[in-house]
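Chemist: can't give you the sequence, but here's the structure:
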């Protein structure tokens, strides 16, 4: 990681909002569980400890930044010595480096897509199984419908409607009417049996469509894995070929190159520790906010209790026909609320 990237990442880490980030953190959860049992002195003690920890972490960050800066300076120095070539060759090397970085970026992007598509592919497997199980269930109901009822619910409904219409609009003999009534009753019995089976052609069509859609999505995710693997491998090979070419151009500088790598690794390690310390500071600050919120809540409860006591005393004074002050009158009618809120602010 370059020095510029290190500085940029540190800045971004320091500016991020931690309100939601630490809400489910074990230390935060543990503090909230114990908080109601804390005394005022315990809260102050914990707050002082957190402030001290934050101060120490900040000092460590300053030292690590200095160490990172020194390591980056060493890395630049050894890289410059390693690349002790003519200006034209240096330009060519930089050009090759940039080209290699582009291939690396594309390769890393492909790897990220591979991970995402593999994840989606695995997630969707269970959904596909459930979808096809639903299709199987509805098809079994369909076959059961054919075996027990013989026709589809839609056909039964249509025949019942036609027969009832014929019965209502046609002049039938008693025998013909009885025959129609018997047939209608049979159809209603079949309709009831179909209702108990619970088959629906529309549900089956929907289930099949959903299962096919999920299967297509699975196949698409799988194909994306294959395509990105092939593309990523292609760019990885191109990047490796460029690195090999660069190594040949810098032949004879192996020792300096090792020193450069060691210095760069030291800078990266210092940077990782800086980022870790920033995260620790954010957690400490969040814990202090939790303690501060508790102090505010307790002060508010105490203020409310004192006000209730004052109101009770004032009412007692008023009931004994003693003269009330203007403040006491305002307290009884509630006009002192705004003043108290202003004083609290």
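Modeler: Thanks, I have the structure now. Quick caveat: nothing in here was measured; it's all calculated off a predicted structure.
Chemist: can you map out the strands along the stretch 51-200 of the chain?
Modeler: For the stretch 51-200 of the chain, no strands are identified by DSSP state E, counting those that start in this stretch.
Chemist: quick one: end-to-end length of stretch 166-181, please.
Modeler: 11 Å (Cα to Cα, to the nearest Å).
Chemist: in it, which residues are buried?
Modeler: residue 180 (16 or more other Cβ atoms under 10 Å). To be clear about C-beta, it is placed using only N, CA and C from the backbone, and glycine gets the same treatment.
Chemist: now swap in stretch 277-291 and tell me
Modeler: 277-284, 286-288, 290-291.
Chemist: check the offset of that stretch from the chain's centre.
Modeler: With Cα atoms, centre = their mean, to the nearest Å as the basis, stretch 277-291 stands 21 Å off its chain's centre.
Chemist: number of residues surrounding residue 59?
Modeler: 11 (other Cβ atoms under 10 Å).
Chemist: repeat for residue 305
Modeler: 10.
Chemist: against residue 78, how distant is it?
Modeler: Distance of residue 305 to residue 78, given as Cβ to Cβ, to the nearest Å: 69 Å.
Chemist: do residue 306 as well
Modeler: 69 Å.
Chemist: what packs against the top helix by length along the chain?
Modeler: Secondary structure of the chain read by DSSP state H shows that its longest helix is helix 254-319. If contacts are counted by 3 or more Cβ pairs under 8 Å, 6 or more residues apart in numbering; DSSP states H and E, helix 254-319 sits against helix 3-15, helix 26-35, helix 40-82, helix 326-333, helix 337-344.
Chemist: rerun at 7 Å
Modeler: Applying 3 or more Cβ pairs under 7 Å, 6 or more residues apart in numbering; DSSP states H and E, one finds that helix 254-319 contacts helix 3-15, helix 26-35, helix 40-82, helix 326-333.
Chemist: show me which positions of the second one end up buried.
Modeler: By neighbour count, with 16+ other Cβ under 10 Å as the criterion, the buried positions of helix 26-35 are 28, 31, 35.
Chemist: out of the helices and strands packed on helix 254-319, nearest to residue 249?
Modeler: For residue 249, the closest of these is helix 40-82, at 10.7 Å, according to Cβ to Cβ.
Chemist: who are the contact partners of residue 288?
Modeler: Residues in contact with residue 288 (Cβ atoms under 7 Å, 6 or more residues apart in numbering) are 47, 50.
Chemist: go with 8 Å
Modeler: By Cβ atoms under 8 Å, 6 or more residues apart in numbering, the contact list for residue 288 reads 47, 50, 51, 54.
Chemist: do residue 166 as well
Modeler: 172, 180.
Chemist: pLDDT score assigned to it?
Modeler: Reported pLDDT at residue 166 in the predicted model: 70.
Chemist: relative to residue 182, how far out is it?
Modeler: 14 Å.
Chemist: residue 224 too?
Modeler: The separation that residue 224 has from residue 182, given Cβ to Cβ, amounts to 62 Å.
Chemist: more neighbours, these two?
Modeler: residue 224 (18 against 10).
Chemist: mind listing what the more buried one touches?
Modeler: Taking Cβ under 8 Å, 6+ apart, one finds 113, 114, 117 in contact with residue 224.
Chemist: and for residue 60?
Modeler: 273, 277.
Chemist: picking that back up, mind putting the buried residues of stretch 277-291 into TSV with distance to residue 141 and pLDDT?
Modeler: Output for those, formatted as TSV (distance: Cβ to Cβ, whole Å; pLDDT from 0 to 100):
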residue	distance to residue 141	pLDDT
277	63	94
278	60	94
279	56	92
280	60	92
281	62	94
282	57	92
283	56	91
284	61	91
286	55	92
287	58	91
288	62	92
290	56	91
291	61	91
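Chemist: phi, psi of residue 23?
Modeler: phi -60, psi -40 (degrees, to the nearest 10).
Chemist: and it, how many neighbours?
Modeler: Residue 23, neighbours per other Cβ under 10 Å, totals 11.
Chemist: what distance do you get for it to residue 110?
Modeler: 35 Å.
Chemist: also residue 182?
Modeler: 72 Å.
Chemist: ok, now residue 57?
Modeler: 38 Å.
Chemist: the more surrounded of those two?
Modeler: residue 110 (22 against 18).
Chemist: what's the spacing between the nearest residue to the more buried one once chain neighbours are set aside and residue 242?
Modeler: Spatial nearest neighbour of residue 110, excluding adjacent residues (Cβ to Cβ, 6 or more residues apart in numbering): residue 232 at 3.2 Å. Separation of residue 232 from residue 242 (Cβ to Cβ): 16 Å.
Chemist: likewise for residue 123?
Modeler: Taking Cβ to Cβ, one finds residue 123 at 37 Å from residue 242.
Chemist: of these two, who's got more company?
Modeler: residue 242 (20 against 11).
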